[in-house]
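[1] coords please:
(one chain, ligands or ions: 2)
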Amino acid sequence: MRHLTQTQTLLLVLMAYVLVTIVLHLSWTEKSGMAKPVTHSHRANGSSQKPCHDTGELLKKCVQEYKTITNSSFVGRAAPHSFVSVRKWLATQQIHKTGQKLADGLNFLSTAAVTRVGLGQGGSQFKFTIWLDGDLKAVFKPKWYDIDHVISGKVYDGKDRHYGEIAAFWLALLLGFQWYPLVIGRIFNWKNEFLPVADQALLNTMIKKDGRQCIVGKCLYCTKDDAFCIADDGNIEGSVILYLPTNNKLEKLRHPWARTYKEGVFARWEVDPDHCKTVKTALSEWRLLDLIDVAIFDYLIQNGDRHRYEVISNLPHPPVVVLDNGKSFGNPDVNFEDILAPLYQCCMIHKGMLDTLEAFTSPNCSLGKFLHQAMIASPIGPFLTPSHLYAVDKRLQHILEKVQQCVKKYGASEVIFQ
Ligand SMILES: Nc1ncnc2c1ncn2[C@@H]1O[C@H](COP(=O)(O)OP(=O)(O)OP(=O)(O)O)[C@@H](O)[C@H]1O
Ligand SMILES: [Mn+2]
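    Ligands and ions are numbered 1, 2, ... in the order given. This next block holds a predicted model:
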């Protein structure tokens with residue numbers, strides 16, 4: 001065989017490298033519909049074939065079904081019988097409880113027609129109220145930022161992140177929360193889908209800015225300067241947050257770790273390391289543990305805006321609902337430690353939550369990996385950047401370290417509650 005010159009060998013190696021890179025890139029893009037992350041590897045750990053935590057398995061199943069449905073030909077014209085049964089389930093059953101019909105429910109929300117659009121109800125942030133086929137009411141939080149936009153400044157700075165609501169939904173599912181609304185990302189067209197069914201009250205708040213149609217809306221921070229402007233193609237992307245069934249009575253309560261939202265004015269919990277002792281005199285142990293679950297969830301998504309919380313007051317042991325997760329995923333490189341204050345000031349955690357968190361430490365079953373899977377099925381594409389996915393897994397590690405410190409200090413029996 002003829003010997004190759006040094007240059008020829010080098011050229012061959014280079015060509016082989018380029019070829020392998022292209023093939024790898026193509027297979028990644030095809031699978032994920034997104035660019036390969038630089039910072040984080042989502043490749044499964046080949047050595048371990050152990051099934052992941054139950055909720056992870058459920059998510060996988062749900063995503064599979066959801067993907068099959070959203071990719072299939074009946075998108076936008078679901079068969080009438082399935083339409084009726086899903087709508088009935090969404091309206092009357094415990095939609096917040098995960099179950100077999102989750103994928104159908106998500107598909108329904110992704111495809112159902114809009115029958116009415118009105119002003120958002122209450123709160124400080126601009127939003128729409130929408131009604132879908134079957135009179136299902138939902139909050140529609142429109143997109144203000146791209147997923148790679150970085151919010152700097154205070155923990156509660158910036159407007160709501162529509163993609164944060166979607167990511168929080170999947171995370172709530174993964175963590176096994178029982179009570180949260182179904183959320184999907186969707187793009188509506190103002191002219192074709194909203195305008196024909198818009199309430200006069202909403203239309204009355206419309207203004208023109210630089211030749212564009214904008215909506216002022218009605219909320220605490222809704223002003224002409226901050227009006228929501230519709231893109232030239234009329235498309236409005238956002239998150240659809242299904243209302244909880246009306247038979248659930250929501251009670252709003254002040255969060256014992258709420259911030260003051262005033263520069264230089266500190267809340268008691270920010271200056272008193274024994275704050276938890278005071279909280280314990282006012283709250284039952286189970287409610288406190290529920291709020292610690294929520295604090296863990298909020299730390300993972302970096303939501304530092306839980307100024308109040310809502311419970312379903314007509315149920316025994318009224319459960320906390322993780323509503324309003326819009327102020328999340330603002331900066332993948334920043335972790336506001338004090339979101340975890342309920343955990344490290346009380347040094348208490350539900351055993352179930354601890355077990356769940358630990359189950360997601362295996363690289364095979366990481367939260368980032370599952371969220372990535374959920375994004376594959378998302379009709380509006382990725383809702384988190386690779387750096388956000390990476391950050392979630394890092395934060396999980398940090399939470400477990402905090403629990404370890406508590407256990408070291410007080411002993412497992414004082415910290416871990418059944
Ligand atoms: N899915 C839902 N089901 C039932 N009620 C809901 C749902 N989503 C929102 N709400 C109600 O609407 C209120 C306002 O929604 P949201 O908290 O998302 O708005 P916001 O502008 O971010 O409020 P804030 O300024 O208080 O943070 C909630 O407090 C809740 O009572
Ligand atoms: Mn809010």
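
[2] If you count neighbours, what's buried in the strand or helix carrying residue 356?
    Secondary structure assigned from DSSP states H and E places residue 356 in helix 351-359. Going by neighbour count (16 or more other C-beta atoms under 10 Å), the buried part of helix 351-359 is 353, 354, 356, 357, 359. For every residue, glycine as well, the C-beta is placed using N, CA and C.

[3] All the strands of this protein, in order from the start?
    Taking DSSP state E as the criterion, the chain contains strands spanning 114-119, 128-132, 136-142, 183-189, 206-209, 212-215, 228-229, 235-242, 250-254, 308-312, 320-321, 349-350, 416-417.

[4] TSV for these, including mean neighbour count and mean pLDDT?
    Compiled in TSV, the strands of the chain are given as follows (neighbours: other C-beta atoms under 10 Å; pLDDT from 0 to 100):
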stretch	mean neighbour count	mean pLDDT
strand 114-119	18	97
strand 128-132	22	97
strand 136-142	22	96
strand 183-189	21	95
strand 206-209	12	96
strand 212-215	18	97
strand 228-229	16	97
strand 235-242	23	96
strand 250-254	13	95
strand 308-312	18	94
strand 320-321	21	92
strand 349-350	20	97
strand 416-417	18	98
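
[5] Of all those, which one is nearest residue 364?
    Distance to residue 364, taken as C-beta to C-beta, is lowest for strand 349-350 among the strands of the chain, at 23.7 Å.

[6] Return the list of helices and strands in contact with that closest one.
    On a contact count with 3 or more C-beta pairs under 8 Å, 6 or more residues apart in numbering; DSSP states H and E, strand 349-350 meets helix 285-301, strand 416-417.

[7] Sheet-wise, list the partners of it with their directions.
    Based on DSSP bridges, the pairing partners of strand 349-350 within the sheet are strand 416-417 (parallel).

[8] contacting residues around the partner strand?
    Counting by C-beta atoms under 8 Å, 6 or more residues apart in numbering, strand 416-417 makes contact with 285, 289, 348, 349, 350, 351, 354, 407, all of which sit outside it.

[9] Kindly provide the distance from the third one to residue 248.
    Think residue 348. Taken as C-beta to C-beta, to the nearest Å, the spacing of residue 348 relative to residue 248 amounts to 27 Å.

[10] Could you do the second one as well?
    Using C-beta to C-beta, we find residue 289 at a distance of 21 Å from residue 248.

[11] Over to the fifth one?
    Per C-beta to C-beta, residue 350 is found 22 Å from residue 248.

[12] next one: the last one
    Using C-beta to C-beta, one obtains 36 Å as the distance from residue 407 to residue 248.

[13] Over to the fourth one?
    Distance of residue 349 to residue 248, computed by C-beta to C-beta: 27 Å.

[14] do the first one as well
    When C-beta to C-beta is the yardstick, residue 285 and residue 248 sit 24 Å from each other.

[15] which residues sit in contact with the residue of the stretch 51-200 of the chain found nearest ligand 1?
    For the stretch 51-200 of the chain, the nearest residue to ligand 1 under the criterion C-beta to the nearest ligand atom is residue 123, separated by 2.2 Å. Neighbouring residues of residue 123 by C-beta under 8 Å, 6+ apart: 219, 220, 324.

[16] again, only this time at 7 Å
    Contacts were defined as C-beta atoms under 7 Å, 6 or more residues apart in numbering; by that measure residue 123 touches 219, 220.

[17] Equivalent analysis for residue 179, please.
    Contacts were defined as C-beta under 7 Å, 6+ apart; by that measure residue 179 touches 96, 312, 319, 320, 321.

[18] Which member of those residues is positioned nearest residue 402?
    Nearest to residue 402 among the contacts of residue 179, with distances taken as C-beta to C-beta, is residue 320, at 20.4 Å.

[19] That closest one contacts residue 292, doesn't it?
    No: in this structure residue 320 lies outside contact range of residue 292 using C-beta atoms under 7 Å: 10.5 Å.

[20] can you count the residues close to the residue nearest to residue 157 when sequence neighbours are not counted?
    The spatial neighbour of residue 157 that comes closest, neighbours along the chain excluded (C-beta to C-beta, 6 or more residues apart in numbering), is residue 151 at 5.7 Å. Counted with other C-beta atoms under 10 Å, the neighbours of residue 151 add up to 18.

[21] residues of stretch 368-388 that come out buried?
    Buried residues in stretch 368-388, defined by neighbour count with 16+ other C-beta under 10 Å: 368-380, 382-388.

[22] ok, now stretch 221-230?
    Taking 16+ other C-beta under 10 Å as the criterion, stretch 221-230 shows 222, 227, 228, 230 as buried.

[23] Could you dump those into CSV and include distance to residue 162?
    Below are these laid out as CSV (distance: C-beta to C-beta, whole Å):
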residue, distance to residue 162
222, 17
227, 17
228, 11
230, 15
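
[24] quick check, nearest of the residues you listed to ligand 1?
    When the buried residues of stretch 221-230 are ranked by distance to ligand 1 (C-beta to the nearest ligand atom), residue 222 comes first, at 9.7 Å.

[25] wouldn't the closest one be in contact with residue 127 here?
    No: Residue 222 is not in contact with residue 127 according to C-beta under 7 Å; the separation is 9.6 Å.

[26] ok, now how distant is the closest residue in space to residue 366 that isn't next to it in sequence from residue 59?
    The spatially closest residue to residue 366, leaving aside those adjacent along the chain, is residue 393, at 5.0 Å (C-beta to C-beta, 6+ apart). Residue 393 sits 16 Å away from residue 59, going by C-beta to C-beta.

[27] Compare the two and say which is more crowded by neighbours.
    Summary of the neighbour comparison: residue 393 and residue 59, criterion other C-beta under 10 Å, with residue 59 having more neighbours (23 against 18).

[28] With adjacent residues omitted, what lies nearest to the more buried one?
    What sits nearest to residue 59 in space, not counting adjacent residues and going by C-beta to C-beta, 6+ apart, is residue 370, at 5.4 Å.
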